[in-house]
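Visitor: What shape does this take:
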Amino acid sequence: MSDQDNKFCFLCRRSEEQCGKLIELPNRIFVCQDCLQKSFDTMSTQFSGGFDLGELLNRFPNVSMVTLGNNPAAERKKAKKPEDSEPGAAFDIRKIPAPHKIKAMLDEYVIGQEHAKKVMSVAVYNHYKRVGSDDKDGIEIEKSNMLMIGPTGSGKTYMVRTLAKLLDVPLAIADATSLTEAGYIGDDIESVVSKLLAAADNDVERAEHGIIFVDEIDKLAKKKNTNQRDVSGEAVQQGMLKLLEGSEIEVPVGASSKNAMVPMAVVNTRNILFICGGAFPDLENIIKERLNKQASIGFYADLKDKYDSDPDLLRKVTVEDLRTFGMIPEFLGRLPMVFTLDGLTEDMLVQILKEPKNAIIRQYQKLLAMDEVKLTFDDEALHAIAQKAMERDAGARGLRAVLEEFMLDIMFEIPKDENIGEVVITRQYIEGNGGPQITLRGQYLQ
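Guide: Numbering: from 1, shown residues only. As a prediction, this is how the structure comes out:
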């Protein structure tokens, strides 16, 4: 058999005897004159009226094409997407409720902390009025960034998260302990803006009207009596000044660090509300020392232990106390709203267990309702849970830890027996003197 007998058209698969002399291409690829003419005709037609790959494939059924690049049609469609959204639709000042309505919404989720909720409601309302205002009359409203001071577990993060959800604005929660000066291991200061941009689905305009909550801000206090460079303390406070004041920050899109392969976006922080929060341990001792120094001179001097049992001691905090703690004055000057949260009492913990919309007890009741079991807590059991949580000294976080401990066996055993209809948690069970009261389904229906 000669070499010519093995020649076939690469496109139509006809032999040279069937279609005439074949045209040889590199790599021993042969094409007949008919297929070559068809390809020329198709190309000229399609390029004059828009290239259609599907039509080309229909003409040559034996050819399969692999797209190595992006589809131009998809790129054009993607590019048109921003035009569909109206300018200014990302934020509407009319959608922001009045302060009393903001506080009423917070009341449904947050127990106590009346002063803190009032301060936050007014500050947020004024901030978004500032965003919607103009300075044509020469009056420019300053930013009302906030500093929250409260013991651990008092609800600082929960209040901010609830507020952002109620207002439907993007929220970024950053941990100040991971922030370091630029050039050192850790997150750069601009990373908090990157998180906000990600929370806004990379919509720069929406991100510029969002809220950034920087938790554990007290960990940025100046280090005392150290000869080492303070890369995660005072240096970070100084680096955050431009963010709090308002400036254009270049941040990576879809990444936490800058590099040549990541696209960059410019975000203006002028209209971003910053809320800083921290427990500030030992701040009470600084306040007591200042108060005792003021009231320990003269015939009417107070006793030095007068403020040891004062539950409202944190409310007496001043900017000077925070400077003594280690916060620099320029940083505090950009946080004009300073307020405190109260420590939680036993009665407040009981309310937290059962009253909020997202109460912990309601969560467990919903879990057991999926197994068609009713869960009930005695009032005495709730107080016993609150007492155990206070012993842990972790605030509201201690409630879930206590409940997880006592609900473990119940959640494990109930799916075994389909006859269980109701479980009642008693104080005796919480104190370890008995078990929960279980009612079988037949007895439960009587």
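
Visitor: Which helix or strand in this structure has the lowest average pLDDT?
Guide: Sorted by mean pLDDT, DSSP states H and E, the helices and strands of the chain end with helix 72-84, the least confident at a mean of 35.

Visitor: buried stuff in the helix or strand just after that helix?
Guide: Once the chain leaves helix 72-84, the next helix or strand it forms, by DSSP states H and E, is helix 99-107. Neighbour-count burial for helix 99-107 flags 99, 102-103, 105-106 (criterion: 16 or more other Cβ atoms under 10 Å). Bear in mind the C-beta positions are built from the backbone N, C-alpha and C, glycine included.

Visitor: for stretch 400-413, same thing?
Guide: Result for stretch 400-413 [16+ other Cβ under 10 Å]: buried residues 400, 402-403, 406-407, 410.

Visitor: quick one: buried residues of the helix or strand hosting residue 242?
Guide: According to DSSP H and E, residue 242 maps onto helix 234-245. Buried residues in helix 234-245, counted by 16+ other Cβ under 10 Å: 234-237, 239-240, 243-245.

Visitor: same thing with stretch 23-41?
Guide: Across stretch 23-41, burial judged by 16+ other Cβ under 10 Å covers 30-32, 35, 38-39.

Visitor: Just those: which are in helices?
Guide: Per DSSP state H, helices hold the following members of the buried residues of stretch 23-41: 35, 38-39.

Visitor: Can you lay out the residues you listed as JSON lines showing pLDDT and distance to residue 185?
Guide: JSON lines is the format used below for these (pLDDT from 0 to 100; distance: Cβ to Cβ, whole Å):
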{"residue": "35", "pLDDT": "83", "distance to residue 185": "62"}
{"residue": "38", "pLDDT": "81", "distance to residue 185": "63"}
{"residue": "39", "pLDDT": "78", "distance to residue 185": "58"}
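
Visitor: Just name the closest of the residues you listed to residue 94, please.
Guide: Comparing these against residue 94 with Cβ to Cβ places residue 39 closest, at 60.6 Å.

Visitor: still on that earlier bit, closest one of the buried residues of helix 234-245 to residue 187?
Guide: Closest to residue 187 out of those is residue 236 (9.8 Å), distances taken as Cβ to Cβ.

Visitor: Hmm, residue 220 and that closest one touching each other?
Guide: Yes - counting by Cβ atoms under 8 Å, residue 236 touches residue 220, with 5.1 Å between them.

Visitor: joint contacts of those two?
Guide: Common neighbours of residue 236 and residue 220, counting by Cβ atoms under 8 Å, 6 or more residues apart in numbering, are 176, 179.

Visitor: Tell me if residue 13 really is in a helix.
Guide: No - applying DSSP: H, G, I helix; E, B strand; the rest coil, one finds residue 13 to be coil, outside a helix.

Visitor: got any ranges where the stretch 51-200 of the chain has weak pLDDT?
Guide: 51-93, 183, 186 (pLDDT under 70).

Visitor: do you know how far residue 107 is from residue 97?
Guide: 13 Å (Cβ to Cβ, to the nearest Å).

Visitor: now the strands: where do they sit in the stretch 51-200 of the chain?
Guide: Along the stretch 51-200 of the chain, counting by DSSP state E, counting those that start in this stretch, strands occupy 146-149, 171-175.

Visitor: so which of those strands comes closest to residue 351?
Guide: Taking Cβ to Cβ, strand 146-149 is the member of those nearest to residue 351, at 20.5 Å.

Visitor: elements contacting that closest one?
Guide: Packing partners of strand 146-149 (3 or more Cβ pairs under 8 Å, 6 or more residues apart in numbering; DSSP states H and E): helix 114-132, strand 273-278, strand 337-340.

Visitor: what does the shortest one contact?
Guide: Pointing back at strand 337-340 there. Strand 337-340 is contacted from outside by 115-116, 119-120, 123, 144-150, 314-315, 317, 319, 322, 332, using Cβ under 8 Å, 6+ apart.

Visitor: again, only this time at 6 Å
Guide: 116, 119, 123, 144, 146-147, 149-150, 314-315 (Cβ atoms under 6 Å, 6 or more residues apart in numbering).

Visitor: try stretch 101-115
Guide: Residues from elsewhere that reach stretch 101-115 (Cβ under 6 Å, 6+ apart): 117, 121, 155, 159, 162, 166, 341, 348, 351-352, 356-357.

Visitor: mind running it again at 8 Å?
Guide: With contacts defined as Cβ under 8 Å, 6+ apart, stretch 101-115 is touched by 97, 117-118, 120-121, 124-125, 154-155, 158-159, 162-163, 166-167, 315, 339-342, 344, 348, 351-352, 355-358.

Visitor: from those residues, which would you call buried?
Guide: Here, 16+ other Cβ under 10 Å leaves 97, 117-118, 120-121, 124-125, 154-155, 158-159, 162-163, 166-167, 339-342, 344, 348, 351-352, 356 buried among the contacts of stretch 101-115.

Visitor: Closest one of the buried residues of helix 234-245 to residue 326?
Guide: For the buried residues of helix 234-245, the minimum distance to residue 326 (Cβ to Cβ) is 7.8 Å, reached by residue 234.

Visitor: can you pull the contacts of the closest one?
Guide: 220, 222-223, 326, 328 are the contacts of residue 234 under Cβ under 8 Å, 6+ apart.

Visitor: Going by neighbour count, which of the residues you listed are buried?
Guide: 220, 326, 328.

Visitor: Out of these, which comes closest to residue 279?
Guide: Nearest to residue 279 among these, with distances taken as Cβ to Cβ, is residue 220, at 13.0 Å.

Visitor: close enough to count as contact, that closest one and residue 239?
Guide: No - between residue 220 and residue 239 there is no contact under Cβ under 8 Å: 9.9 Å.

Visitor: what domains does the record give for the chain?
Guide: Per automatic domain parsing, the domain ranges recorded for the chain read 3-84, 93-340, 346-445.

Visitor: Secondary structure class of residue 265, three-state.
Guide: strand.

Visitor: Grab the nearest non-local neighbour of it.
Guide: Closest residue in space to residue 265, ignoring its immediate chain neighbours: residue 253 at 5.0 Å, by Cβ to Cβ, 6 or more residues apart in numbering.

Visitor: That neighbour and residue 203 touch, don't they?
Guide: No - with contact defined as Cβ under 8 Å, residue 253 does not count as touching residue 203 (10.7 Å).

Visitor: and the two? which has more neighbours close in?
Guide: Neighbour count, other Cβ atoms under 10 Å: between residue 253 and residue 203, residue 203 has more, with 17 against 13.

Visitor: pretty sure residue 29 contacts residue 10?
Guide: Yes - at 5.0 Å, residue 29 and residue 10 qualify as touching, with contact defined as Cβ under 8 Å.

Visitor: All set now, cheers.
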